[in-house]
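Asks: give the three-dimensional model of this entry:
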Amino acid sequence: MSWSLSRLTPRETELLDAFFLSVGRALHLANAYEGKCQYVLRVGNLITAHQADPALSLEEVFATVPADKLLAGTLHSLAAHGIGQTMDFSTLHKAREARNFIAHEGASIGYMWSANSDRILRHAVKLRAAVKDLANGDNIISQWCYGLEEPHDPPPADWIKCYPEKVDAWVFGSLRALLPVEQSEPQPDCPARAEDGTR
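Replies: Predicted coordinates for the structure are as follows:
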């Protein structure tokens, strides 16, 4: 095993560029998902600490909040917390597994110089399945974030409905034309946007 980059020119430079762009976008969403889960738990812990002792100063309330955990620990703490009683933890845990795949295996196509289009596209299909699971979990936790930040405004139902399709379009862009058609077709009332390639 030698260097990850080589003096040899990759066979599929344009396809690799599109693939690595998709991996980077997926990783951005994976990192954001983890941060949002930690944020919701942190707010829940702050609320609990304040309700337990309303006489605490703001600094004292913050001092009682436990440090952030890794994603699995965060989800377990959310499940045990009152704020998480109505959350779909099956979907959130699938998103956690998807996040782990994206972070640890998302770009694992072997040596770039020897990667052919078949290997790249086979891996992109696996990545797409992980992104779909991640988008479903992110959709749930994002609704919680929205509710905490905008408590007087109803969540945007049209965006919630179209979010997984929008994520797929943004992450995979032009690469979608080379991937198998998804079984579930996009929602007919999801507005198309030229910049993300959605239908």
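Asks: which helix in the protein has the most residues?
Replies: Taking DSSP state H as the criterion, the chain has its longest helix at helix 13-52.
Asks: in terms of secondary structure, what does that helix contact?
Replies: helix 58-64, helix 71-80, helix 89-105, helix 117-149, helix 157-172 (3 or more Cβ pairs under 8 Å, 6 or more residues apart in numbering; DSSP states H and E). The way it works is simple: take the backbone N, C-alpha and C, and place the C-beta from them, glycine included.
Asks: and the ones you listed as a markdown table, adding mean pLDDT and distance to F19?
Replies: Listed next are the helices and strands packed on helix 13-52 as a markdown table, based on pLDDT from 0 to 100; distance: least, Cβ to Cβ, whole Å:
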| stretch | mean pLDDT | distance to F19 |
| --- | --- | --- |
| helix 58-64 | 83 | 43 |
| helix 71-80 | 72 | 25 |
| helix 89-105 | 94 | 13 |
| helix 117-149 | 95 | 5 |
| helix 157-172 | 96 | 9 |
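Asks: list the contacts of the closest residue to Y146 other than its chain neighbours.
Replies: Nearest residue to Y146, sequence neighbours excluded (Cβ to Cβ, 6 or more residues apart in numbering): P155, at 5.2 Å. Contact analysis of P155 by Cβ atoms under 8 Å, 6 or more residues apart in numbering lists 143, 146-147.
Asks: which one of those residues is nearest to R176?
Replies: Comparing the contacts of P155 against R176 with Cβ to Cβ places Q143 closest, at 25.5 Å.
Asks: now, of the contacts of P155, which are buried?
Replies: Buried subset of the contacts of P155 (neighbour count, 16 or more other Cβ atoms under 10 Å): 143, 146.
Asks: between the contacts of P155, which is closest to S2?
Replies: For the contacts of P155, the nearest to S2 is Q143 (46.7 Å; Cβ to Cβ).
Asks: three-state assignment of the nearest residue to that closest one once chain neighbours are set aside?
Replies: Closest residue to Q143 apart from its sequence neighbours, by Cβ to Cβ, 6+ apart: P155 at 5.3 Å. Here P155 is recorded as coil under DSSP: H, G, I helix; E, B strand; the rest coil.
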